[in-house]
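K.L.:
Sequence first, predicted coordinates after that:
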Amino acid sequence: MSLLQLDQVRKNFGTVEALRGVTFAIDAGSVVGLVGDNGAGKSTLMKCITGIYRADGGTIEFNGAPIHEAEPGDIRKRGVEMIYQDLALAPQQDVASNIFLGREPTKGLFGAIDKAKVEAEAETMIRRLGARIPSVRYQVGQLSGGQQQSVAIARALTFEPKLVIMDEPTAALAVREVDHVLDLIRELKRQGIAVILISHRLTDVFAVSDRIVALRQGQVIADEITNETSMNAVVAHIVGAG
């Protein structure tokens, strides 16, 4: 049984068909690259999976249970975590505070934040990822783009996800930073966590994915094993030449 199964998922905005019967699946501990041109339906599809949008048709099952009518908070509790392109970090706060933002462990009668516990647990998450963060006391705004991605992924891990959706995680990063983020994705896979990688950088998708799903005009027009396809073939799917 697949971890995530989408079957004929449809979404309309008025007369516009944003998703037109999307079907694909992802297994636990696998990486699926989701590719497509702007407007192909990638963001809409992810919002349907995470409960931000309610699909107008079809079914979405996670771990064997339907989630297409569930609320975002319930879907997160079931193990679906999304890391958006803007990361939603607080740059003026330190790494530890960002990882547990709004969910800090407390102590004492008046519920003061247990800073020592926050830092210790944040360090545990960073070590679990093997991320290159100099200190959990560093302000996030002082970190590089790749290090900020590490913080966002570490925060996602605190929710004990079974699936992490990453939206353009390597956009605008230097080559060394890109390699670090790709290593983090490989580490998630090693830990049995499934990943949906949304990216325009096909070299990154080919580097870490097991399968590549291409969307065009709200439909899946290719679902291929990465090792059995090519960059040219995927580009052709995206632009409509193949």
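P.N.:
That came through fine.
K.L.:
Which element, helix or strand, includes the residue positioned nearest the centre of the chain?
P.N.:
With distances taken as CA atoms, centre = their mean, the residue of the chain nearest its centroid is I165 (1.7 Å). Taking DSSP states H and E as the criterion, I165 maps to strand 163-167.
K.L.:
what element comes up after that strand heading to the C-terminus?
P.N.:
Using DSSP H and E, the first helix or strand after strand 163-167 is helix 175-190.
K.L.:
and that next one, what does it pack onto?
P.N.:
In terms of contact count using 3 or more CB pairs under 8 Å, 6 or more residues apart in numbering; DSSP states H and E, helix 175-190 is assigned the packing partners helix 145-157, strand 194-198, helix 202-208. No exception for glycine: its C-beta is placed from N, CA and C like everyone else's.
K.L.:
Which among those is found nearest to C48?
P.N.:
For the helices and strands packed on helix 175-190, proximity to C48 was assessed by CB to CB; strand 194-198 is nearest, at 12.5 Å.
K.L.:
got the angle between that closest one and strand 163-167?
P.N.:
Comparing the axes of strand 194-198 and strand 163-167 via axes from the mean of the first three to the mean of the last three CA atoms, to 10 degrees yields an angle of 10 degrees.
K.L.:
Now strand 194-198: average pLDDT?
P.N.:
Per-region confidence: strand 194-198 scores 98 on mean pLDDT.
K.L.:
what lines up beside that strand in the sheet?
P.N.:
Paired neighbours of strand 194-198 in the sheet (DSSP bridges): strand 31-35 (parallel), strand 163-167 (parallel).
K.L.:
CA atoms only for the first one, dumped as CSV, please.
P.N.:
Presented in CSV, the C-alpha positions along strand 31-35 are these (Å, rounded to 0.1, in the frame of the first residue of the first chain):
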residue,chain,number,x,y,z
VAL,A,31,11.5,10.7,-3.3
VAL,A,32,9.2,11.9,-6.1
GLY,A,33,10.2,14.9,-8.2
LEU,A,34,7.1,16.9,-9.1
VAL,A,35,7.8,19.1,-12.2
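K.L.:
And for it, what's in contact with it?
P.N.:
Applying CB atoms under 8 Å, 6 or more residues apart in numbering, the contact partners of strand 31-35 are 24, 26, 42, 45, 185, 189, 194-200, 202, 205-206, 208-215, 226, 234, 237-238.
K.L.:
For PyMOL, write the selection for the buried entries among those.
P.N.:
Buried residues within the contacts of strand 31-35, as defined by 16 or more other CB atoms under 10 Å, are selected in PyMOL through the command that follows:
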select buried, resi 24+26+42+45+185+189+194+195+196+197+198+199+202+205+206+208+209+210+211+212+213+214+215+226+234+237+238
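K.L.:
Would you mind giving the domain segments of this structure?
P.N.:
Taking automatic domain parsing as the criterion, the chain consists of the domains 1-79+161-242, 90-159.
K.L.:
pLDDT weak spots in the protein?
P.N.:
Low-confidence segments of the chain (pLDDT under 70): 109, 241-242.
K.L.:
quick one: the helices in it?
P.N.:
Counting by DSSP state H, one finds helices in the chain at the ranges 42-49, 72-78, 95-99, 115-129, 145-157, 175-190, 202-208, 231-239.
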